[in-house]
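> Got a sequence here, can you model it:
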Amino acid sequence: MLNSRYRKKKMEEMGLTEEEYYQKLFEIKGEIPEPLVTKWVRPLVVRLVPPRVWEVDRKELPYIREAHKWQGGG
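Numbers count the residues shown, from 1 in each chain. You can find the predicted model right below:
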């Protein structure tokens with residue numbers, strides 16, 4: 001949230017009371033879109049865990065290491 005001095009300054013500039021300021025701050029701008037229609041019944045759950053089995057092509061490994069060295073500035 002904004003600090004109190006800034007809020008008071010903005011309220012004075014806009015000529016609003018504290019209650020009017022908060023109403024204006026949180027008012028909804030524009031139309032609220034209709035909810036999306038999806039084909040699944042339940043909420044979609046996405047796991048942000050990488051797969052457990054991850055193998056590097058041994059032929060590409062030297063190139064990957066070299067790229068990491070260059071990214072690190074060395």
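> In terms of pLDDT, where does the closest residue to residue 7 other than its chain neighbours sit?
Excluding its sequence neighbours, the residue lying closest to residue 7 (CB to CB, 6 or more residues apart in numbering) is residue 21, at 7.1 Å. Placement of C-beta: from N, CA and C, glycine included. As summarised for this prediction, residue 21 has a pLDDT of 89.
> quick one: secondary structure of residue 21?
Put simply, residue 21 is helix when judged by DSSP: H, G, I helix; E, B strand; the rest coil.
> contacting residues around it?
Listed by CB atoms under 8 Å, 6 or more residues apart in numbering, the contact partners of residue 21 are 7, 10, 11, 14.
> And for residue 31?
With contacts defined as CB under 8 Å, 6+ apart, residue 31 has no neighbours.
> Which of the three states applies to it?
When classified by three-state DSSP, residue 31 comes out as coil.
> what pLDDT, on average, does stretch 55-74 get?
Stretch 55-74 shows a mean pLDDT of 83.
> still on that earlier bit, from the contacts of residue 21, list the buried ones, please.
Among the contacts of residue 21, those classed as buried by 16 or more other CB atoms under 10 Å are residue 11.
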